[in-house]
Every structure is written in C-alpha cells, then in structure tokens.
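Q: Next input, structure requested:
(one chain, ligands or ions: 1)
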Amino acid sequence: MSGVPAALRQAADMLAPTSDTARLDAEYLLAHALHMSRSDLLLKGASGPVPERFWHLIDRRRQHEPLAYILGSQDFYGRSFHVSPDVLIPRSDSESVVAAALEQPGARGRVLDCGVGSGALLLTILAENPGALGVGIDRSEAALAIARRNAGALGVADRVELLRRDWSENGWREELGRFDCIIANPPYVEDDAELDVSVRGYEPAGALFSGPDGLDDYRRLLPELRHLLAPQGQVVLEIGAMQAKPVAALAGQAGFSSQLRHDLASRPRALVLV
Ligand code: GLN
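A: As a prediction, the model looks like this:
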C-alpha cells in the first residue's frame, strides 16, 4: 500500500466498526505518524510511502484506544492539552462548564479546581483571565505532572499551584485558604454504568466512578466548599445529565442555592452555586 489517499481510505474502512469518526481518526493518525498537522496533510499531501507505524496506530484505535491517548493530546476550548491515560480526556461537554465559570466575577480572582486532572478547566480559565490565580488539587501525582506540563505549555505556570490533596482524607483543605471561585468536575459516574469500551477500558476509573449512584464525591465535597469559598464567591460544578436535582439538593443542604446550565447538546451539564 502506498499513497496517502489510498491509505486513508483503507484505514477508514478498518476503523469503521470501532469509530463513528473513522475517516477523521485516520487523518489524525496519519498526520501524527508523519509528524505533521492534519491540515498540512490534507492541504499539501505527503510524498513517499506511508510509514509502517501508521498501521500500528490504526491497530491501537481498532482496539478502542481513545484517539486522544494515541495522539497524546486533545483540543479543548481552542487550546491543545497534553493527555495520557493518567487523566480523563477533556470533553467538549466540559467547555460549557468553563463558559459558565468565565461568567463568574470570582473567575478573575483566586480560583480552585478540585480534581484538576489534565488542567483543562483551570488552565483555560487562567489563560482567558490574565489576572486570575489558580490552585489545582488532585489525588493523583501522575495527573498533577500532566497538569504542570500543560501549565507550562500554556504559559500560565507562574499563576498556578498544583498540589496533591485527596478530599477523602482528613485535613485536605488545610492551608489552601479562600477562593473567589471554585470549579470541579469530580467523578460522577455510577459504578455499574454502561460505558463505551474506549472509556471504561482506557480512562482512569478514579476520575469517573463515584459509588452506586455516582454522587459519593459530591456528598463529600459539597459540605467542605463553604469553608474554602470567599464570602461573595461562586462554585461551578460539572454534573451528569441526570444529576441536576440530586446535586442541587446536596448543595442546598450545604447552604448553597444553585442555577442550572446546559451544554451544547442541551443536556444539563453544570450547576452554579452561590
Ligand atoms: N462526562 C464523563 C463521561 O461521561 C464523566 C466525567 C466525570 O465523571 N467527571 O464519560
């Protein structure tokens, strides 16, 4: 097999049973194998034979490995984030959480991200709001390493602290101080939820699952947020599409009133708490 068009056609056919975006995946993977951008590949083409490593990448994708882990990056809110299997892949759904956070006056001040992962949420806010200062916490050192790398790449490393904290441990909030805005995309999937193989087989379980009803982390986190929030501050939480009511109820018990935001697919996606 030689030639880019034929290779892309064959690869797209091979990926069709696995992926809804087979052709697009093939384009990204060939560009990656050729160390060029997808747009350069499509606009300028490539000379020479298609490298063998392209077919290895196609094979990984056929085994349901997420495209972002194979490429090592994912675009989010107009920026590229380094990702590895140590972090959840940033979803476009979460861009609406960032949009809701950017509307908050507190997001121009001191911002805390509980469960920072790759840093997609917090670092986007810092990049959009040049006066903001961030603290990102995560229980995974491996995730914090990814977030640090992304902070450097985005040029916001001097405005963010990335700390290992676990809100299931006593004393986790010590010395964090108070924040004008708190954001979180905690694990919120039910333990026995049916998930795509590409999610359940590859993404970190610790970032996804939160007990039988998916609410364990909200239960633990919400009562603590009062102690971390400045008097006029706001909280922005990502929620599962069916969780607006139960999470708003937990927020109510913690003394917050909440406002619902939807994602681009019109599903409930975020709660703003004050
Ligand atoms: N939205 C993710 C999914 O459905 C879950 C994210 C999370 O648990 N915070 O795969």
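
Q: just checking, residue 129 touches residue 102?
A: Yes. Counting by C-beta atoms under 8 Å, residue 129 does reach residue 102; the two are 7.2 Å apart. For glycine as for every other residue, the C-beta is placed from the backbone atoms N, C-alpha and C.

Q: tell me, what residue is most central in this structure?
A: residue 90 (2.6 Å; C-alpha atoms, centre = their mean).

Q: Next one: that one, what pLDDT does it get?
A: Reported pLDDT at residue 90 in the predicted model: 98.

Q: got a list of what it touches?
A: Residues counted as contacts of residue 90 (C-beta atoms under 8 Å, 6 or more residues apart in numbering) are 74, 76, 81, 83, 117, 118, 120, 121.

Q: Looking at these, spot the one nearest residue 67.
A: Among the contacts of residue 90, residue 74 lies closest to residue 67 (C-beta to C-beta), at 8.4 Å.

Q: That closest one: neighbouring residues, count only.
A: 22 (other C-beta atoms under 10 Å).

Q: for residue 194, same thing?
A: 6.

Q: would you say it is within a helix?
A: No. With DSSP: H, G, I helix; E, B strand; the rest coil as the criterion, residue 194 is located in coil rather than a helix.

Q: just to revisit the earlier point, could I have the PyMOL command that selects the buried members from the contacts of residue 90?
A: In PyMOL, selecting the buried portion of these, with burial taken from 16 or more other C-beta atoms under 10 Å, looks like this:
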select buried, resi 74+76+81+83+117+118+120+121
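
Q: Tell me which entries of the contacts of residue 90 lie within strands.
A: In strands, defined here by DSSP state E, the members of the contacts of residue 90 are 74, 76, 81.

Q: Looking at the residues you listed, spot the one nearest residue 60.
A: residue 74 (15.8 Å).

Q: Surely the closest one touches residue 89?
A: Yes. Using C-beta under 8 Å, residue 74 is in contact with residue 89, at 5.3 Å.

Q: tell me the domain ranges of the chain?
A: 4-63, 75-273 (automatic domain parsing).

Q: how far out from the middle of the chain is the last one?
A: On the basis of C-alpha atoms, centre = their mean, to the nearest Å, domain 75-273 sits 9 Å off its chain's mean C-alpha point.

Q: close to the ligand, is stretch 193-205?
A: Yes. Using C-beta under 6 Å from any ligand atom, stretch 193-205 reaches the ligand at residue 199.

Q: May I have that stretch exported as CSV, CA atoms only?
A: Extracted as CSV, the C-alpha positions of stretch 193-205 are listed here (Å, rounded to 0.1, in the frame of the first residue of the first chain):
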residue,chain,number,x,y,z
ALA,A,193,-22.9,2.4,34.5
GLU,A,194,-22.7,1.1,30.9
LEU,A,195,-19.8,2.9,29.3
ASP,A,196,-18.2,2.7,26.0
VAL,A,197,-15.2,0.3,25.9
SER,A,198,-13.0,3.2,24.9
VAL,A,199,-13.9,4.9,28.2
ARG,A,200,-14.2,2.0,30.7
GLY,A,201,-11.2,0.2,29.2
TYR,A,202,-8.8,3.1,29.0
GLU,A,203,-9.7,6.2,31.1
PRO,A,204,-8.8,6.3,34.8
ALA,A,205,-11.5,4.8,36.9
